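Novice: what follows is a protein structure lacking sequence information:
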């Protein structure tokens, strides 16, 4: 840290002492937010920012923020034809003590945000700020990455989602390089298995798939045959979506642009 006036600093608590006190006061912030699509509670950015702002103001601490870098990439096209963009930012944060003139070294923190409009960059900035504050002040939310069963379940299905790679031969629907352009038998079987696990019949699969690919089976076409006409990439998205769903699969496929989360399909 740097100190502008050591004499002033000796009369007031140092910046490190103030930040340590704030760490104890931040302690645990309850999960007041609720994601209606994927059915889980989360710590809201507003709760973190409001509490931190109050504690900073009481101790005359200013948090300076700036964007170091930003970019975005196209993720996929929604059924309505819109492009879902993922924005990435790297933010720089620095604490400045208004009483002593002390400053902390700049700390950088990444953030990501997805949106079909122009909000992605702002979501990314908000996410970076939220998690910088939470990690800096050791805010406990009860979240444990190793206990995320939903992600583990999706990862376990990734093998079937990717489909088998065909090394040799001239199998129909296989692109040059050995990658199948059409849904594989393994993918169709995995979708059927997931539907059974979720208590969904053949007709119930149709609205789930429709939300991803934007189409329905033609008259007289069985669901299994219809799934076989999808691309391998589309089938992979369906597997990931269904394996990540705990309650209503159709709700889980909705993109939540206001509650800090999104589905990747």
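Specialist: Nice, I can see it. Please read all numbers here as calculations on a predicted model, not as lab measurements.
Novice: the nearest residue to residue 42 once chain neighbours are set aside and residue 198, how far apart?
Specialist: The shortest distance from residue 42 to any non-neighbouring residue, by CB to CB, 6 or more residues apart in numbering, is to residue 33 (4.6 Å). Using the backbone N, CA and C atoms, a C-beta is placed for each residue, glycine as well. Distance of residue 33 to residue 198, computed by CB to CB, to the nearest Å: 26 Å.
Novice: OK, contacts around residue 84?
Specialist: Shown in contact with residue 84 (CB atoms under 8 Å, 6 or more residues apart in numbering): 74, 75, 76, 77, 78, 114, 115, 116, 255, 262.
Novice: three-state assignment of the third one?
Specialist: Of the three states, residue 76 takes strand according to DSSP: H, G, I helix; E, B strand; the rest coil.
Novice: nearest residue to it other than its sequence neighbours?
Specialist: residue 84 (5.5 Å).
Novice: which helix or which strand is home to that neighbour?
Specialist: Per DSSP states H and E, residue 84 falls inside strand 83-97.
Novice: residue 237 too?
Specialist: Counting by DSSP H and E, residue 237 is part of helix 232-244.
Novice: summarise which helices and strands that helix is packed against.
Specialist: In terms of contacts (3 or more CB pairs under 8 Å, 6 or more residues apart in numbering; DSSP states H and E), helix 232-244 is packed against helix 149-156, helix 158-162, helix 185-197, helix 202-213, helix 249-252.
Novice: low pLDDT regions in the stretch 101-250 of the chain?
Specialist: 141-180, 244-250 (pLDDT under 70).
Novice: mind doing that once more with 50?
Specialist: Along the stretch 101-250 of the chain, segments meeting pLDDT under 50 span 161, 164-179, 246-250.
Novice: coming back round to it: for the helix or strand just after the strand holding residue 84, what is the distance to the chain centroid?
Specialist: Remark: after strand 83-97, the chain's next helix or strand is strand 107-115, criterion DSSP H and E. For strand 107-115, the separation from the chain centroid amounts to 10 Å (computed by CA atoms, centre = their mean, to the nearest Å).
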